[in-house]
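Requesting a structural model of the entry that follows:
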Amino acid sequence: MNITAFFEICIYELVDIIPNLILALVPFKDFLRFSKKKLALCIIILYLLLALSRILSQSSPAAAAFFTVLWMILYLGFYIISVKSQVSKLLFVLLTILNYTSFIVVIFSYFAYHRLAGITGHPYSLPSTAVLGLCYLISYPVVYKMMHDLQPLISFPENNSCWKFLWMLPATFCLSYYYNLYANGGITAFSATKNNVLFAVFFNFGALFSTWLIMRFLYEINANSELKSENYQLSMQFLQYENLKERIEDARRAKHDFRQSLAVIQSFALCNNQEGLLNYLNNYMSTVPADTPLLYCENSAVNALLVYYADMAQKNNITFSAAAYYPSESILSDTDAVVLFGNLMENAIEACIRRMVPDKYVRLRITQFQGMLIITLDNSYSGQIHKEEEDFISSKNGQKGIGTASVKKIVSKYNGILKFQYDDSQFHASVMLPVKTKEDSYEQKTY
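Sure thing, here's the model as predicted:
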């Protein structure tokens, strides 16, 4: 191979790899592991390896099939190194792009090697590379838009369980496509027949249409999840409104009764009845409205939940304290946040209620540090724990606790860490979630 042919293959590979790398990185632009310089270095290394394999694949169709598999491995390796995401998501995007690239190569081969051979000359010549660039130019906008629209679907955590299986669809198309290519003597031989080219057109149209249907399916899941989240938020706002209305009514009633109470206190004082005065004051203090704060954190749904359980603790003579830095906007959806905090708080309050001794408390701490949401919840309890393997048994019905199972599901969904610890009198729950917010500050706030 002379130096001119070598450079022609390098240019051909550059025209082939750049559009596909853009398609591969667009859906994961918010999940890149490296800086732009390091990413550029990875791309250069990938390009050199692909160009080398392209040169070596010229020997035979069998070698071409081998290097096709090698290209898939190289792309996947580049993905895993450069992008922080589920492997199933990487496979879905990679296999979708491979199907599209194979279609481009078949169309390119049909024109460059069989219809315009007199103009393009030998494979990988500059005119051949121009034909390849034209094939990409005509079809690229549609596929680019599809990959761009895929980005919010990949970022949405509600879809994580779906991606475990969705990658199998483009994988099936990919295997079928490559089997037909190399069972017919390789890309050049396959593209020599017009019927094969038409088959490639309809086959890849089916693959792209299936991808579009998957995207519509995921959009529906997102829309339902957002609607559910809005309903949760509205219910929390209503809960907060009801709580506020009850407090206003309590304050109004206390103000109305205060004059009569002063008269009774004055009567006890004039009679020098200290014991009666103390008893009356103790009874009166129990009727004074709760002095728990109305604002624990900036998120309205979580704040309404904490106010609700703070009042419940007050009514059951449970000492409640909360230092909560939970931002108004978070990757953790309001629905998941309400389920997580609601189950933790409900379990803690119920455990305190079952405790017969006066010393009852619930202490909640929520902080954010270096991209991690850290939640700790301490509460007193009766000292009796029932477990079956790793699952807690509910004291209500003797079945596995639904609340702790819900907490485990939410923590697992966001790839977090959940830990329960307890001794004879205190139960401790801790959660660590890798969440980033628009308010990405490491400052702790206490309300």
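
What residues sit buried inside the helix or strand where residue 182 lies?
Here residue 182 sits within helix 168-183, counting by DSSP states H and E. In terms of neighbour count (16 or more other C-beta atoms under 10 Å), helix 168-183 has its buried residues at 169-171, 173-174, 177-178, 181-182. (C-beta placed from N, C-alpha, C; glycine too.)

which residues in the protein form helices?
3-25, 36-56, 61-82, 87-109, 117-120, 126-155, 160-166, 168-183, 187-190, 194-270, 274-287, 300-315, 334-354, 402-413 (DSSP state H).

Tell me which of the ones you listed lies nearest to residue 325.
helix 300-315 (11.0 Å; C-beta to C-beta).

buried ones in that closest one?
301-313.

still on that earlier bit, I'd like the helices of the chain as CSV, with mean pLDDT appended.
Compiled in CSV, the helices of the chain are given as follows (pLDDT from 0 to 100):
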stretch, mean pLDDT
helix 3-25, 86
helix 36-56, 83
helix 61-82, 75
helix 87-109, 88
helix 117-120, 71
helix 126-155, 88
helix 160-166, 79
helix 168-183, 84
helix 187-190, 80
helix 194-270, 74
helix 274-287, 73
helix 300-315, 83
helix 334-354, 85
helix 402-413, 81
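
would you turn those into TSV with distance to residue 325?
As requested, the helices of the chain are exported to TSV (distance: least, C-beta to C-beta, whole Å):
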stretch	distance to residue 325
helix 3-25	34
helix 36-56	32
helix 61-82	33
helix 87-109	31
helix 117-120	64
helix 126-155	24
helix 160-166	26
helix 168-183	42
helix 187-190	58
helix 194-270	18
helix 274-287	32
helix 300-315	11
helix 334-354	13
helix 402-413	19
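
What distance do you get for residue 279 to residue 264?
11 Å (C-beta to C-beta, to the nearest Å).

Please apply the same query to residue 189.
104 Å.

Equivalent analysis for residue 98, please.
For residue 98 relative to residue 264 (C-beta to C-beta), the value is 85 Å.

Who has more neighbours out of the two?
Comparing residue 98 with residue 264 by other C-beta atoms under 10 Å, the one with more neighbours is residue 98, at 21 against 14.

Excluding residues flanking it in the chain, which one is nearest that one?
residue 174 (5.6 Å; C-beta to C-beta, 6 or more residues apart in numbering).

quick one, what contacts that neighbour?
95, 98-99, 102 (C-beta atoms under 8 Å, 6 or more residues apart in numbering).

between those residues, which is closest to residue 132?
Nearest member of the contacts of residue 174 to residue 132, counting by C-beta to C-beta, is residue 102, at 13.1 Å.

which residue packs closest to the closest one, ignoring adjacent ones?
Here the residue nearest residue 102, using C-beta to C-beta, 6+ apart, is residue 177, at 5.7 Å.

show me what contacts the one you found?
99, 102, 200, 203-204, 207.

cool, and residue 411?
So residue 411 contacts 340, 417-418, 431, 433 (C-beta under 8 Å, 6+ apart).

Can you say which of those are buried?
Using 16+ other C-beta under 10 Å as the burial test, the contacts of residue 411 include 340, 418, 431, 433 as buried.

Against residue 90, how distant is residue 77?
Residue 77 is 10 Å from residue 90, by C-beta to C-beta.

More neighbours: which of those two?
Legend: neighbour count by other C-beta under 10 Å for residue 77 and residue 90, higher for residue 90 (24 against 13).

How about the more buried one: what's its closest non-neighbour residue?
Take residue 90 and drop its neighbours on the chain: the residue closest to it by C-beta to C-beta, 6+ apart is residue 79, 4.5 Å away.

Please report the number of neighbouring residues for that neighbour.
For residue 79, using other C-beta under 10 Å, the count is 19.

What distance do you get for it to residue 86?
On the measure of C-beta to C-beta, residue 79 and residue 86 end up 11 Å apart.

How about residue 3?
44 Å.

Who has more neighbours out of these two?
Between residue 3 and residue 86, counted using other C-beta under 10 Å, the more crowded position is residue 86 (17 against 7).

Now do that one against residue 224, distance only.
Taken as C-beta to C-beta, the span from residue 86 to residue 224 is 21 Å.

List the contacts of residue 109.
With the criterion set at C-beta under 8 Å, 6+ apart, residue 109 makes contact with 187-188, 190-191.

Mind picking the two most distant members of those residues?
Top of the distance list for the contacts of residue 109 (C-beta to C-beta): 188 and 190, 7.3 Å.

of these two, who's got more company?
Set residue 188 next to residue 190 and count neighbours by other C-beta under 10 Å: residue 190 wins out with 22 against 19.

per-domain residue ranges of this protein.
Domain segmentation of the chain under automatic domain parsing yields 3-227, 294-447.

May I see these organised as JSON lines, with distance to residue 275 added?
Formatted as JSON lines, these follow (distance: least, C-beta to C-beta, whole Å):
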{"stretch": "domain 3-227", "distance to residue 275": "60"}
{"stretch": "domain 294-447", "distance to residue 275": "22"}
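
Which one, of those domains, ends up nearest to residue 269?
Residue 269 lies closest, by C-beta to C-beta, to one member of those: domain 294-447, at 28.3 Å.

Centre of the chain to that closest one, how far?
21 Å (C-alpha atoms, centre = their mean, to the nearest Å).

With stretch 135-143 instead?
The mean C-alpha position of stretch 135-143 is separated from the chain mean by 30 Å, C-alpha atoms, centre = their mean.
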